[in-house]
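Engineer: Based on what follows, work out the 3D shape:
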Amino acid sequence: MNVAWRNHIESSYSVIRGKPRIKGTRIPVSLILGYLANGYAVGKIIDEFPDLNKDKIAACLDYARELAEFEVAA
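Structural biologist: The predicted structure is shown next:
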């Protein structure tokens with residue numbers, strides 16, 4: 001699934017101190033990534049957080065992918 005994370009993730013200091021979160025919610029990206037890392041199925045995560053859907057969860061993975069590709073200039 002190809003989902004552009006910028007369509008689903010935002011950050012502002014006034015909400016959870018600027019941690020990246022799902023737009024319109026207080027659900028941090030790190031929480032969703034933690035669930036996935038612990039083997040939770042996408043459907044189970046959606047059951048626990050009805051404000052989420054498959055695209056929003058995929059956006060969290062795309063966000064993590066982009067961070068992992070970041071390179072520091074030498």
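
Engineer: Any stretches of this protein with poor pLDDT?
Structural biologist: Low-confidence segments of the chain (pLDDT under 70): 1.

Engineer: Swap in 50 and give it another go.
Structural biologist: Applying pLDDT under 50 to the chain picks out no residues at all.

Engineer: Could you list which residues are in contact with the spatially most central residue of the chain?
Structural biologist: The chain has C60 as the residue nearest its centroid, 2.8 Å off, counting by CA atoms, centre = their mean. Neighbour list for C60: W5, H8, I9, I22, V29, I32, L33, L36 [criterion: CB atoms under 8 Å, 6 or more residues apart in numbering]. The way it works is simple: take the backbone N, C-alpha and C, and place the C-beta from them, glycine included.

Engineer: now, among those, which is nearest to D51?
Structural biologist: Using CB to CB, I22 comes nearest to D51 of these, at 7.0 Å.

Engineer: Could you give the bridge partners of that closest one?
Structural biologist: The partner list for I22 in beta bridges (DSSP bridges) reads I9.
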